[in-house]
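A.B. asks: Here you go, sequence then predicted model.
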Amino acid sequence: MKIEQFEDKGLAHFSYAILSESAREIVLIDPARNPQQYYDFAQAHNAKIVAVIETHPHADFISSHLEVAQATGAAIRVSKLLGADYPHQAFDEGDSFTVGKLTFRALNTPGHSPDSISIVLSREGQDVAVFTGDTLFIGDVGRPDLREKAGNLTAKREELAKQMYHSLREKLMPLADDVLVYPAHGAGSLCGKALSGANSSTIGAEKIGNPMLRPLSEEDFSKELLADQPFIPKYFGYDVALNKAGAPAFAPSVQQVPRLAPGSTLEPSVLVVDTRPEAEFKKGHAAGALNIQQGGKFETWLGSIVGPEEPFYLVAVDEKNREDLIQKAAKIGYETLIKGALVGTPATEATLPQLDVAQFRQHPEAYTIVDIRNATEHRDEPLFAGSLNIPLPELRERAQEIPTDKPVVVHCAGGYRSAAGCSIVAPALAGTPVLDLSEAVKTFQPAVAAH
């Protein structure tokens, strides 16, 4: 037996290929959008992919389950509660199947979603590992607030929090302490709030080290779980629906994105997402363009700032990066929104001024300071007294709340988000100077919180 973990760092996503060496057959769990790595793994081990299991319809990435099934003949196994629109086999509590000497059995573990399952892997009658999807993470558990309006089954966050309490304590914690825990996400994922940087654990280690598994009443657990969850990106509900339907094949869908020649005329009513470094963007860009830089978690921020109903042009610094960005957009199902992708800048009529950091440091009161970090960051580490907190994912909708009687300074924690924020606020507040504190924010000490 071989368990191969595949990591997508941009989305903090883990997927798995479990190889039965006796049968030369592979079971995939929660595969990423681009299936090529799984085909390469199968070829390297002279094995065949015979099953794909989805722990739930994912909100934060698009799965290749349907494409893999169509390409290999593998069976897709999901909970019947998912209401999948593609051919599948129901895989719920009491269901199991064998591959060589390996047995896979389902546990219904609702909490992150009503249709979540965990998969226990046994070898010759001995439980070896459990694939917990977004139910149990290393050091955390899945958030319960993503399925109030999305999916075949919807549920209120309070109801799901209670279900999570029972799934953990009645389904997962009774497993043997030496059973390996393999989750669908690691640190940086928005599917939880305090995930560890580790990529695996054991049931015993989680009982000791995971704060959500300590003795708590259902009420206290629910209250703690629901507090301070991160924002919900705009694309999450869209991805749940696309995963329920089954996404188009990755490579052909990426190939259909129009590649435009440099200098192409762009429709003025269509949004432009300019991924060039912020210094280049500020020197000149298309009017109204958003500066979502290629570094950082590009796909997450793209899907947090741009809605799944908005077509957009994609601007890259060179051809290699253009292809990389199209593929990143495809990881969240956004490649079909790209009206055209081009290299360079289609226009330079819009510019953004540079902030005189020394002057700002001496007289911060002369500026309206907009903190675009998340509400918990703003609360726990205030940087400037009296700053206005509008988190970046809400900024396009709320920019008009910013007073225009003074120049506006936009800041985040490190500079990546403020570049995007500044590009949103400047065209929304035409006539008001909008300045980016950028990486200089790191040189400021936290302010004393006002009470």
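C.D. replies: Now that the structure is in, tell me what you want to look at. Residues are numbered from 1 along each chain as shown.

A.B. asks: Average pLDDT for stretch 369-387, rounded please.
C.D. replies: Average pLDDT, stretch 369-387: 93.

A.B. asks: how about it: buried residues?
C.D. replies: 369, 370, 371, 372, 373, 374, 377, 378, 382, 383, 384, 387 (16 or more other Cβ atoms under 10 Å). Where C-beta positions appear, they are placed from N, C-alpha and C, glycine not excepted.

A.B. asks: could you give the mean pLDDT of the host helix or strand of residue 132?
C.D. replies: Remark: residue 132 resides in strand 126-133, with elements defined by DSSP states H and E. Taken as a whole, strand 126-133 has an average pLDDT of 98.

A.B. asks: Would you mind writing the CA trace of the helix or strand following it as PDB?
C.D. replies: Where DSSP H and E defines the elements, the next helix or strand beyond strand 126-133 is helix 157-167. Extracted in PDB, the C-alpha atoms of helix 157-167 (Å, rounded to 0.1, in the frame of the first residue of the first chain):
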ATOM      1  CA  ARG A 157     -24.400  27.500  10.600                       C
ATOM      2  CA  GLU A 158     -25.800  26.900  14.100                       C
ATOM      3  CA  GLU A 159     -27.200  23.500  13.000                       C
ATOM      4  CA  LEU A 160     -24.000  22.500  11.300                       C
ATOM      5  CA  ALA A 161     -21.900  23.500  14.300                       C
ATOM      6  CA  LYS A 162     -23.900  21.100  16.400                       C
ATOM      7  CA  GLN A 163     -23.600  18.300  13.800                       C
ATOM      8  CA  MET A 164     -19.800  18.900  13.700                       C
ATOM      9  CA  TYR A 165     -19.700  18.400  17.500                       C
ATOM     10  CA  HIS A 166     -21.300  15.000  17.200                       C
ATOM     11  CA  SER A 167     -19.400  13.900  14.100                       C
END
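
A.B. asks: ok and helix 157-167 relative to strand 126-133, angle-wise?
C.D. replies: Orientation of helix 157-167 against strand 126-133 (axes from the mean of the first three to the mean of the last three Cα atoms, to 10 degrees) gives an angle of 170 degrees.

A.B. asks: Please name every helix or strand in contact with helix 157-167.
C.D. replies: Helix 157-167 sits against helix 218-226, with contacts defined as 3 or more Cβ pairs under 8 Å, 6 or more residues apart in numbering; DSSP states H and E.

A.B. asks: Which is the succeeding secondary structure element to the helix it packs on?
C.D. replies: Past helix 218-226, further along toward the C-terminus, the next helix or strand under DSSP H and E is helix 236-245.

A.B. asks: Strands of the stretch 351-451 of the chain, residue ranges please.
C.D. replies: Assigned by DSSP state E, counting those that start in this stretch, the strands in the stretch 351-451 of the chain fall at 368-371, 388-389, 408-411, 434-436.

A.B. asks: name the helices or strands packed onto the first one?
C.D. replies: For strand 368-371, the contact count by 3+ Cβ pairs under 8 Å, 6+ apart identifies strand 388-389, strand 408-411 as packing neighbours.

A.B. asks: hey, C-alpha coordinates of it in PDB?
C.D. replies: Extracted as PDB, the C-alpha positions of strand 368-371 are listed here (Å, rounded to 0.1, in the frame of the first residue of the first chain):
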ATOM      1  CA  THR A 368      -8.300  59.100   6.200                       C
ATOM      2  CA  ILE A 369      -6.800  55.700   7.000                       C
ATOM      3  CA  VAL A 370      -8.600  52.700   5.600                       C
ATOM      4  CA  ASP A 371      -7.600  49.300   7.100                       C
END
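
A.B. asks: one step back: could I get the strands of the stretch 351-451 of the chain as TSV with distance to residue 249?
C.D. replies: Below are those laid out as TSV (distance: least, Cβ to Cβ, whole Å):
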stretch	distance to residue 249
strand 368-371	42
strand 388-389	42
strand 408-411	40
strand 434-436	40
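
A.B. asks: so which of these comes closest to residue 419?
C.D. replies: strand 434-436 (6.1 Å; Cβ to Cβ).

A.B. asks: and which of the buried residues of stretch 369-387 is nearest residue 162?
C.D. replies: Taking the buried residues of stretch 369-387 together and measuring to residue 162 by Cβ to Cβ, the closest member is residue 374, at 25.6 Å.

A.B. asks: Compute the number of surrounding residues for the residue lying closest to the closest one once chain neighbours are set aside.
C.D. replies: Using Cβ to Cβ, 6 or more residues apart in numbering and skipping residues adjacent in sequence, the residue nearest residue 374 is residue 391, 5.3 Å away. Neighbour count for residue 391, taken as other Cβ atoms under 10 Å: 21.

A.B. asks: Let me see the contact set for residue 82.
C.D. replies: Residue 82 makes contacts with 54, 56, 57, 115, 151, 152, 244, as judged by Cβ atoms under 8 Å, 6 or more residues apart in numbering.

A.B. asks: per-domain residue ranges of the chain.
C.D. replies: 2-238, 248-343, 357-443 (automatic domain parsing).

A.B. asks: quick one: the last one to chain centroid distance?
C.D. replies: Read it as domain 357-443. In terms of Cα atoms, centre = their mean, to the nearest Å, the centre of domain 357-443 is set 24 Å apart from its chain centre.

A.B. asks: again, but for the first one
C.D. replies: A distance of 15 Å separates the centroid of the chain from that of domain 2-238, by Cα atoms, centre = their mean.

A.B. asks: Closest to residue 414 out of the buried residues of stretch 369-387?
C.D. replies: For the buried residues of stretch 369-387, the nearest to residue 414 is residue 373 (9.8 Å; Cβ to Cβ).

A.B. asks: and the closest one, what is it in contact with?
C.D. replies: So residue 373 contacts 389, 391, 392, 412, 413, 417 (Cβ under 8 Å, 6+ apart).

A.B. asks: roughly how far apart are the spatially most central residue of the chain and residue 290?
C.D. replies: In the chain, the C-alpha nearest the mean C-alpha coordinate belongs to residue 60, at 4.1 Å (Cα atoms, centre = their mean). Distance, residue 60 to residue 290, using Cβ to Cβ, to the nearest Å: 21 Å.

A.B. asks: where does this structure have low pLDDT?
C.D. replies: For the chain, the stretches with pLDDT under 70 are 448-451.

A.B. asks: now the helices: where do they sit in it?
C.D. replies: In the chain, the helices defined using DSSP state H lie at 36-44, 65-72, 157-167, 203-209, 218-226, 236-245, 250-255, 278-283, 298-305, 319-331, 357-362, 375-380, 395-398, 416-428.

A.B. asks: Give the other helices and strands that the second one contacts.
C.D. replies: The elements that helix 65-72 packs onto, with contact taken as 3+ Cβ pairs under 8 Å, 6+ apart, are strand 48-53, strand 75-78.

A.B. asks: As CSV, those strands with mean neighbour count would be great.
C.D. replies: Below are the helices and strands packed on helix 65-72 laid out as CSV (neighbours: other Cβ atoms under 10 Å):
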stretch, mean neighbour count
strand 48-53, 22
strand 75-78, 22
